[in-house]
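Asker: take a look and give me a structure for this.
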Amino acid sequence: MTLATIAVLGATGGQGGAVTAALLRTGHQVRAMVRDPGSVRAQVLAGAGVSIVEGDLTDTDALATLFRSTDAAFAVTTPFQDGLDAEKEQGAAVVRAAERAGLPHLVFSSVAGADLHTGIPHFETKAHTERLLAAADVPSTVVAPTYFYENALGLADEVEAGFLALPLDPETRLQQIARHDLGHVVAEIIAAPGAWEGERVELAGDDPTGPQMAAAIGAATDRELAYRPTPLEAVREADPDMGAMWAFLAGHGYDVDIPALHARFPGVPWTTYADWAESQRWPEER
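Answerer: Numbers count the residues shown, from 1 in each chain. Predicted coordinates for the structure are as follows:
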């Protein structure tokens with residue numbers, strides 16, 4: 001694809017932000033739909049040259065208008081703001097709008113394993129959108145990332161206290177990916193839509209164990225971090241959705257053929273977990 005105008009939904013979030021950055025690096029123009037154009041994140045995007053459009057991801061008319069003025073779009077939905085039903089509404093609106101607008105290519109971000117009927121609530125909402133997209137008259141590609149490295153940043157209090165805790169046995173590997181690598185993949189797919197139309201691509205950059213994650217963060221902070229497996233039942237009691245996800249990850253788990261994937265995208269940096277950890281700012285030891 002020559003340089004084009006790309007719509008990015010969720011550009012103020014982690015995935016959409018990474019995709020936006022990758023598209024800007026390759027010279028594309030980006031139009032981002034955001035709820036609040038006055039937010040700090042939206043203003044940062046505007047300062048980087050992104051065209052900001054106000055709108056809601058459940059507004060089919062607004063989405064269709066946006067899609068008519070672009071050459072391709074990236075969409076990511078989320079249940080973590082307004083709930084699971086809202087995520088299904090977002091996905092349905094995106095698919096309807098893309099079909100109505102005759103969008104040339106839609107890249108939808110789902111999650112690895114969403115096609116396995118896992119019963120995990122926030123996997124099933126994305127699977128619902130995948131089914132709608134498969135039935136629609138929309139040229140599309142599904143990217144399905146595994147666990148994000150960046151999720152570890154939410155464990156800053158534990159890192160500060162000198163340990164890392166996950167509901168995984170020490171020997172269990174967890175396939176993961178850096179958000180910026182997702183951005184690179186999406187940019188490559190958008191650059192060659194014909195090569196990727198109709199594909200579902202699961203994404204992972206590395207597969208460390210819990211102790212290896214703790215060791216990588218420890219090396220990045222010049223100290224030793226202990227790894228503490230968290231009882232899965234405690235996670236289930238606190239959050240059934242997350243409990244179901246961790247039960248899946250502790251059992252079947254993601255199943256990306258990492259070497260084959262990386263061979264298909266040789267231009268992606270494919271950051272290792274250790275290199276990602278080294279590049280982050282971590283809290284100092286208490």
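Asker: the longest helix in the protein is where?
Answerer: Ranked by number of residues, the top helix in the chain under DSSP state H is helix 84-101.
Asker: does anything pack onto it? Which helices or strands?
Answerer: On a contact count with 3 or more Cβ pairs under 8 Å, 6 or more residues apart in numbering; DSSP states H and E, helix 84-101 meets helix 60-68, strand 106-109, helix 121-135. Where C-beta positions appear, they are placed from N, C-alpha and C, glycine not excepted.
Asker: the shortest one pairs with which strands, parallel or anti?
Answerer: I take that to be strand 106-109. strand 72-76 (parallel), strand 140-145 (parallel) (DSSP bridges).
Asker: do you know how far Ala234 is from Gly253?
Answerer: The gap separating Ala234 from Gly253 is 20 Å, by Cβ to Cβ, to the nearest Å.
Asker: quick one: low-confidence parts of this protein?
Answerer: Where the chain drops to pLDDT under 70, the residues are 1-2, 286.
Asker: quick one: the helices in it?
Answerer: In the chain, the segments counted as helices under DSSP H are 14-25, 40-47, 60-68, 84-101, 121-135, 156-161, 179-191, 193-196, 210-220, 232-238, 240-250, 258-264, 273-278.
Asker: Val111 is nearest to which of the ones you listed?
Answerer: With Cβ to Cβ as the criterion, Val111 lies closest to helix 121-135 of these, at 5.3 Å.
Asker: show me what that closest one is in contact with.
Answerer: Residues from elsewhere that reach helix 121-135, judged by Cβ atoms under 8 Å, 6 or more residues apart in numbering: 77, 79-80, 84, 87-88, 90-92, 94-95, 106, 108, 110-111, 113-115, 117-118, 140, 142, 200, 240-241, 244-245, 248.
Asker: can I get the buried part of those as one ChimeraX selection?
Answerer: Burial among the contacts of helix 121-135 is assessed by 16 or more other Cβ atoms under 10 Å; the matching ChimeraX selection reads:
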select :77,79,87,88,90,91,92,94,95,106,108,110,111,113,114,115,118,140,142,200,241,244,245,248
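Asker: returning to what we had before: any chance of the helices of the chain in CSV, with distance to Glu150 too?
Answerer: Below are those laid out as CSV (distance: least, Cβ to Cβ, whole Å):
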stretch, distance to Glu150
helix 14-25, 6
helix 40-47, 15
helix 60-68, 27
helix 84-101, 20
helix 121-135, 17
helix 156-161, 12
helix 179-191, 6
helix 193-196, 25
helix 210-220, 13
helix 232-238, 19
helix 240-250, 16
helix 258-264, 19
helix 273-278, 8
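Asker: which one, of the ones you listed, ends up nearest to Arg31?
Answerer: Among the helices of the chain, the nearest to Arg31 by Cβ to Cβ is helix 60-68 (6.5 Å).
Asker: of the helices of the chain, give the one that comes closest to Glu285.
Answerer: Of all the helices of the chain, helix 156-161 comes closest under Cβ to Cβ, at 6.7 Å.
Asker: who's in contact with the closest residue to Arg31 other than its chain neighbours?
Answerer: Leaving aside its chain neighbours, Arg31 sits nearest to Ser51 (4.5 Å; criterion: Cβ to Cβ, 6 or more residues apart in numbering). By Cβ under 8 Å, 6+ apart, Ser51 lies in contact with Gln29, Val30, Arg31, Ala32.
Asker: which among the residues you listed gets closest to Asp257?
Answerer: Distance to Asp257 across the contacts of Ser51 (Cβ to Cβ) is lowest for Val30, with 31.1 Å.
Asker: just to revisit the earlier point, which of Ala234 and Gly253 has more neighbours?
Answerer: Using other Cβ atoms under 10 Å, the more surrounded residue of Ala234 and Gly253 is Gly253, with 18 against 10.
Asker: if I look at that one, how far off is Ala144?
Answerer: 14 Å.
Asker: what do you get for Val185?
Answerer: The spacing between Val185 and Ala144, counted by Cβ to Cβ, is 11 Å.
Asker: pull up the overlap in contacts between these two.
Answerer: Val201, Leu203.
Asker: who has more neighbours out of the two?
Answerer: Set Val185 next to Ala144 and count neighbours by other Cβ under 10 Å: Val185 wins out with 28 against 22.
Asker: wait, what's in contact with that one?
Answerer: Val143, Val201, Leu203, Phe265, Val268.
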